[in-house]
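**Q** Below are the sequence and a predicted model; questions follow.
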Protein chains: 2
Amino acid sequence: MTLKDKAAIVGIGTTQFYRRGQSGDRTHLELMVEAARNAADDAGLSLHDIDGFSYYQGGFDSGLLASALGIEDLKYSVLMTGGGGGSQGSIINAAQAVNSGLADVVLCVKALKSGGPAGRRIGRMGAQLRTQRNFDGVDQDFTIPFGLMSPGQGFALMARQHMHKFGTTVRQFGEVAVATRMHASRNPAALYRDPITLEDHENSRMIADPLRLLDYCLETDGGTALIITSAERAKDLKQKPVKITGAAMGGPGRFGQGIFWHQMPDEYFQQSSHHTVAERLYAMAGMGPADIDVAQMYDHFTPQVIAQIEDYGFCARGEGGPFVEDGGIRFDTGRLPLNTHGGNLSEVYLLGLTHTIEGVRQMRGTSTSQVDGAETCLVTSGPGILPTSALILTN
Amino acid sequence: MTLKDKAAIVGIGTTQFYRRGQSGDRTHLELMVEAARNAADDAGLSLHDIDGFSYYQGGFDSGLLASALGIEDLKYSVLMTGGGGGSQGSIINAAQAVNSGLADVVLCVKALKSGGPAGRRIGRMGAQLRTQRNFDGVDQDFTIPFGLMSPGQGFALMARQHMHKFGTTVRQFGEVAVATRMHASRNPAALYRDPITLEDHENSRMIADPLRLLDYCLETDGGTALIITSAERAKDLKQKPVKITGAAMGGPGRFGQGIFWHQMPDEYFQQSSHHTVAERLYAMAGMGPADIDVAQMYDHFTPQVIAQIEDYGFCARGEGGPFVEDGGIRFDTGRLPLNTHGGNLSEVYLLGLTHTIEGVRQMRGTSTSQVDGAETCLVTSGPGILPTSALILTN
């Protein structure tokens, strides 16, 4: 028995998106509640119908949220770790809860808010690491003294390895930024909508060689929410249900230790950490890459999109660069329309659920860069830290 | 479809237990790994058979643990929030994962270590709260200025309400400490084994009126682990499987906000937050209180044991005090043998999984205070914070 087609996403909601520091005095809790209300409205449900929570990556007090939403009896509440890697895992946990009967209507919710403990700026983790040790510090003791402190610095090493091993180029990284910005330009909710060129990318400020400003995701504020219920109950609700047909989480056991990787085998540096998840995901769905019509892939850094395209089998290992360069991810002409909302690079960076929401829109036929006739959507989570996770959605 | 009897606990393990500050330079990770190894040995499995993690309440890096245990491909990893309230929830999540086929062999593991971020001393949270805000601070803003900062202070209010409303007495609180110390005196692993009397309890230092030193759980170091697999696979393993027959989590929506309760309805102060969980637990198991042979109830403070005895229906509301005073929880003569290992009050305080481990021992017939012919065991988690959780184990 698997989770295949047992649960469905029936509601989606977000807050307004905010550039860094522009969400003013809106609280983290307020952003969660507003997103939840919008998702419930979208589903045609009341907040009182919610009886489960699924969250990921810190900053979550289920008592506080239940109280704020007016939930009488909470029946399920769980949290994924793994940073953005846990985002689709939070959907998977919701699907498990409705499948096993622990809860009927589960809210997956995530907000990021500058300044609060739940919304500390990830790009500034280095400063925090200088004064606090993560867990037992056994990994960071080998990286911090050498100045390897921020996510971008770590992923720069992986990008460099991909260039060295496969000849991947800066222009190929650039095309990920350019194509998804083109999608963002069509999405009124996206924070960055001005089209960019490969030259803009190449001329943007170097941050952690070879990663430039336009290889980096945004750092922004906002809230996101989805409502999950059983496939059975979904039939009676307002929206056309989007089924969770494939679901997998985890990853190679030696991948990612507090996002620093001094003990990782060399070959891992060429991958995204998704390769074993991909295998199990396709197995559950009974599908392969040829069956995927559109993909929303976690894009904290452009090279990791290329590595994921390889790990999910859309091309051979090392051929992700040319795949992208040949226009493979453009929504209107590409073999694999990717991040049709603009992604973390251009729409907003809220650690992952905006990708799921865009996946739902594609399955409903309501994306601003809709892929004609799309029936399947792959949605992935942050690569490079355990556990990561992924879904195949179908309509 | 429910989780009833779908999964089983097949291995249990702990480290040595340490009084506060006596675990020396042993790390949090080392305590987790040792407990995991002991649990795998107990199950007749190798650490390499583990493909899922289930954890609760912070301090957990699945990449680091997977690396330390030598796990090649992690397939599941999740965390419960809710402090000790999440402990049985971590078993429930493991049961869900094996039931839905996401993982085959899930490790539930928890360690506490003084000084580390994962093992900060809970009783000293007040000092931390003076300098850091929890989430949005919307609850604590109404409690911290008035000096209501530690768990003991909050639970003292609940104890006082129970005394006021039902006439519950200090001697009745004392009997919880005395009876479970008697059980601890028979358990060689327990940290506090010298028998105590009701007079010892009444003469112990007042900390947060009406709570005295001997009403408080210990603060100690150590690691605990359990191995969960499907009921089917459990049949082929070394130990007699202990089935998870009932499972529920959550609680009343307005219960517990960062363990401070300024918005809770009055009647909640007389309860343990377990009453709705109890209802769903019994419903899944198809059982009632009369079917329960032995109970391991989370005992951070003695009055909360009395409130749980009421919430789980072993007596009427308000009659928990007399139930206990009449010898109701003694392992050899009581109607409801309770905390036969000595519990958080006398064996060790590791936030909850020691109760599950003792439940497994009772179902195997190997407790040092074995209840003759016990076939069902109720195991609960920390009351007073959302989500809490509970299991019914059977053999």
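**A** Received, thanks. Numbering: from 1, shown residues only, chains lettered A, B, ... in the order given.

**Q** Over to residue A:308. Which of the three states is it?
**A** Three-state assignment for residue A:308 (DSSP: H, G, I helix; E, B strand; the rest coil): helix.

**Q** wait, it sits on residue A:381?
**A** No: with contact defined as Cβ atoms under 8 Å, residue A:308 does not reach residue A:381; the gap is 10.0 Å. (Glycine included, C-beta is placed from N, CA and C.)

**Q** Compare these two (neighbour count), which wins?
**A** residue A:381 (35 against 28; other Cβ atoms under 10 Å in any protein chain shown).

**Q** Could you state which residue of chain A sits nearest its centroid?
**A** Centrality entry for chain A: nearest residue to the mean C-alpha point is residue A:352, 2.7 Å, by Cα atoms, centre = their mean.

**Q** Spit out the residues that contact residue A:308 and residue A:381 alike.
**A** residue A:298 (Cβ atoms under 8 Å, 6 or more residues apart in numbering or on different chains).

**Q** Which of the helices and strands in chain A ranks last by mean pLDDT?
**A** helix A:125-129 (a mean of 51; mean pLDDT, DSSP states H and E).

**Q** immediately after that helix, which helix or strand?
**A** helix A:151-166 (DSSP states H and E).

**Q** and that next one, what does it pack onto?
**A** strand A:206-208, strand A:211-212, helix A:302-311 (3 or more Cβ pairs under 8 Å, 6 or more residues apart in numbering or on different chains; DSSP states H and E).

**Q** can you give me the helices for the stretch 251-395 of chain A?
**A** A:275-285, A:302-311, A:320-325, A:343-346, A:353-364 (DSSP state H, counting those that start in this stretch).

**Q** and chain B, which of the ones you listed is closest to it?
**A** With respect to chain B, and counting by Cβ to the nearest Cβ, the nearest of the helices of the stretch 251-395 of chain A is helix A:275-285 at 4.6 Å.

**Q** and that closest one with helix A:302-311, angle?
**A** 50 degrees (axes from the mean of the first three to the mean of the last three Cα atoms, to 10 degrees).

**Q** one step back: deepest in the core, which of the helices of the stretch 251-395 of chain A is it.
**A** Mean neighbours per residue, mean count of other Cβ atoms under 10 Å in any protein chain shown, is largest over those for helix A:343-346, with a mean of 30.

**Q** circling back: how about the helices and strands packed on helix A:151-166 in a markdown table, adding mean pLDDT and distance to residue B:56?
**A** Formatted as a markdown table, those follow (pLDDT from 0 to 100; distance: least, Cβ to Cβ, whole Å):
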| stretch | mean pLDDT | distance to residue B:56 |
| --- | --- | --- |
| strand A:206-208 | 97 | 35 |
| strand A:211-212 | 98 | 36 |
| helix A:302-311 | 97 | 30 |
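
**Q** got JSON lines for the ones you listed, with distance to residue B:313 too?
**A** JSON lines is the format used below for the helices and strands packed on helix A:151-166 (distance: least, Cβ to Cβ, whole Å):
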{"stretch": "strand A:206-208", "distance to residue B:313": "60"}
{"stretch": "strand A:211-212", "distance to residue B:313": "60"}
{"stretch": "helix A:302-311", "distance to residue B:313": "52"}
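
**Q** Which one, of the ones you listed, ends up nearest to residue B:301?
**A** Closest approach to residue B:301 among the helices and strands packed on helix A:151-166 (Cβ to Cβ): helix A:302-311, 48.0 Å.

**Q** which strands and helices sit next to that closest one?
**A** Helix A:302-311 packs on helix A:151-166, helix A:170-184, helix A:320-325, going by 3+ Cβ pairs under 8 Å, 6+ apart.

**Q** Pick the most buried one from the ones you listed.
**A** Of these, helix A:170-184 is the most buried (mean count of other Cβ under 10 Å), at a mean of 25.

**Q** Can you name the element that comes right after it?
**A** Downstream of helix A:170-184 (by DSSP H and E), the next one is helix A:198-203.

**Q** got the buried residues for stretch A:239-251?
**A** Within stretch A:239-251, the residues scored as buried using 16 or more other Cβ atoms under 10 Å in any protein chain shown are A:239, A:241, A:242, A:243, A:244, A:245, A:246, A:247, A:248, A:249, A:250, A:251.

**Q** if we can go back for a sec, out of the helices and strands packed on helix A:302-311, which comes closest to residue A:346?
**A** That would be, of the helices and strands packed on helix A:302-311 and by Cβ to Cβ, helix A:170-184, which comes in at 3.5 Å.

**Q** related to what we said a few turns ago, so which of the buried residues of stretch A:239-251 sit within strands?
**A** In strands, defined here by DSSP state E, the members of the buried residues of stretch A:239-251 are A:242, A:243, A:244, A:245, A:246, A:247, A:248, A:249, A:250, A:251.

**Q** okay, who's weakest in those residues by pLDDT?
**A** On pLDDT alone, residue A:251 ranks lowest of these, at 91.

**Q** what's near enough to touch that residue?
**A** A:85, A:273, A:274, A:276, A:277, A:386, A:387, A:388, B:73, B:74.

**Q** bridging residues for the nearest residue to the fifth one once chain neighbours are set aside?
**A** Spelled out, that is residue A:277. If the residues on either side of it in the chain are set aside, residue A:277 comes closest to residue A:248, at 4.7 Å by Cβ to Cβ, 6 or more residues apart in numbering or on different chains. Counting by DSSP bridges, residue A:248 is bridged to residue A:390.

**Q** same thing with the one 4 residues further on?
**A** Beta bridges link residue A:252 to residue B:73 when assigned by DSSP bridges.

**Q** Tell me the confidence at it?
**A** For residue A:252, the predicted pLDDT is 86.

**Q** Next one: it from residue A:383, what distance?
**A** 11 Å (Cβ to Cβ, to the nearest Å).

**Q** overlap in contacts of those two?
**A** residue A:273.

**Q** The two: which has the busier surroundings?
**A** Counted by other Cβ under 10 Å, residue A:252 and residue A:383 do not tie: residue A:383 has more neighbours, with 30 against 25.

**Q** Excluding covalently adjacent residues, which one is nearest to that one?
**A** residue A:272 is the one closest to residue A:383 (Cβ to Cβ, 6+ apart), at 3.7 Å.

**Q** Contacts only, for that neighbour.
**A** A:304, A:307, A:308, A:310, A:311, A:383, A:384.

**Q** circling back to that earlier point, wait, isn't the residue nearest to residue A:277 in contact with residue A:274?
**A** No: between residue A:248 and residue A:274 there is no contact under Cβ under 8 Å: 9.3 Å.

**Q** shared neighbours of these two, anything?
**A** In contact with both residue A:248 and residue A:274: residue A:390, using Cβ under 8 Å, 6+ apart.

**Q** Run a quick neighbour tally on residue A:266.
**A** Neighbours of residue A:266 using other Cβ under 10 Å come to 8.

**Q** That one: what's it in contact with?
**A** By Cβ under 8 Å, 6+ apart, the neighbours of residue A:266 are residue A:161.

**Q** want to throw the contacts of residue A:272 into CSV with distance to residue B:167?
**A** Below are those laid out as CSV (distance: Cβ to Cβ, whole Å):
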residue, distance to residue B:167
A:304, 64
A:307, 67
A:308, 64
A:310, 70
A:311, 65
A:383, 60
A:384, 59
